[in-house]
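Chemist: take this sequence and fold it.
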Amino acid sequence: MHIFSTILSDLQAAIAAVAAREQSLTVLLVAVWGRIARMRARLERLIAQWRAGTLPQPRGKQVRRAGVRAVRQHYPSGAAWLQKRVWGAGAFGTQLQHLLTDQECAAFLAAVPQAGRVLRPLFHMLGVSPVPEVVRKVRAPAVVVVPQGDLVGLAGVGVLGVGCQILGG
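Modeler: Numbering: from 1, shown residues only. Here you go, the predicted model:
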């Protein structure tokens, strides 16, 4: 699993080479280099915790305090934007995608959903499409609550169309 670190450090080296050459991209690429360094450090920490059996418990939704704002760096948002600016960056996305087929890596990603939150933006930057199933964001199905008073008069017509039956009223 040290291959995550190797791939991301090689990607950082490719980014640094372009940042040194292209002055118009230097500020953006230095910020991206730092973001990838934080991703790499977080993945390394999660892998170490997973192997030691000391994973942190998933947190619920956090509530922000009034008046406190996190300063966020704004990166380009288009798909494969890093691949378009750094020649060869797409190859690192392919390497990461291939790494996800490894059994140990699949077990890690199944046990540690936090790793998917680290990898999804990286796959977006590198233009990996479709995003592999093991890191895809799983959303709970939406539940629609209809007040009982709104159901009056709909005896043969349900929300989904004609022929639905309303039970209990």
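Chemist: what about the strands in the chain?
Modeler: 157-158, 161-162 (DSSP state E).
Chemist: ok, longest helix in the protein?
Modeler: Assignment by DSSP state H gives helix 26-52 as the longest helix of the chain.
Chemist: remind me what it packs against, helices and strands.
Modeler: Of the remaining helices and strands, those touching helix 26-52 by 3 or more Cβ pairs under 8 Å, 6 or more residues apart in numbering; DSSP states H and E are helix 3-21, helix 81-85, helix 103-111, helix 113-126. For every residue, glycine as well, the C-beta is placed using N, CA and C.
Chemist: which parts of that helix are buried?
Modeler: Within helix 26-52, the residues scored as buried using 16 or more other Cβ atoms under 10 Å are Leu28, Leu29, Val32, Trp33, Ile36, Met39, Arg40, Leu43, Leu46, Ile47, Trp50.
Chemist: any idea how far Thr94 is from Ala52?
Modeler: 30 Å (Cβ to Cβ, to the nearest Å).
Chemist: for the protein, which element, helix or strand, carries the lowest mean pLDDT?
Modeler: strand 161-162 (a mean of 48; mean pLDDT, DSSP states H and E).
Chemist: weakest of the helices and strands packed on helix 26-52 in terms of mean pLDDT?
Modeler: Between the helices and strands packed on helix 26-52, the lowest average pLDDT goes to helix 81-85, which shows a mean of 78.
Chemist: now do the buried residues in it.
Modeler: Going by neighbour count (16+ other Cβ under 10 Å), the buried part of helix 81-85 is Trp81, Leu82, Gln83, Arg85.
Chemist: next up, the contacts around the second one.
Modeler: Neighbour list for Leu82: Ile15, Val32, Ala89, Met125, Leu126, Gly127 [criterion: Cβ atoms under 8 Å, 6 or more residues apart in numbering].
Chemist: quick revisit: show me the one of the helices and strands packed on helix 26-52 that comes nearest Pro56.
Modeler: helix 113-126 (7.9 Å; Cβ to Cβ).
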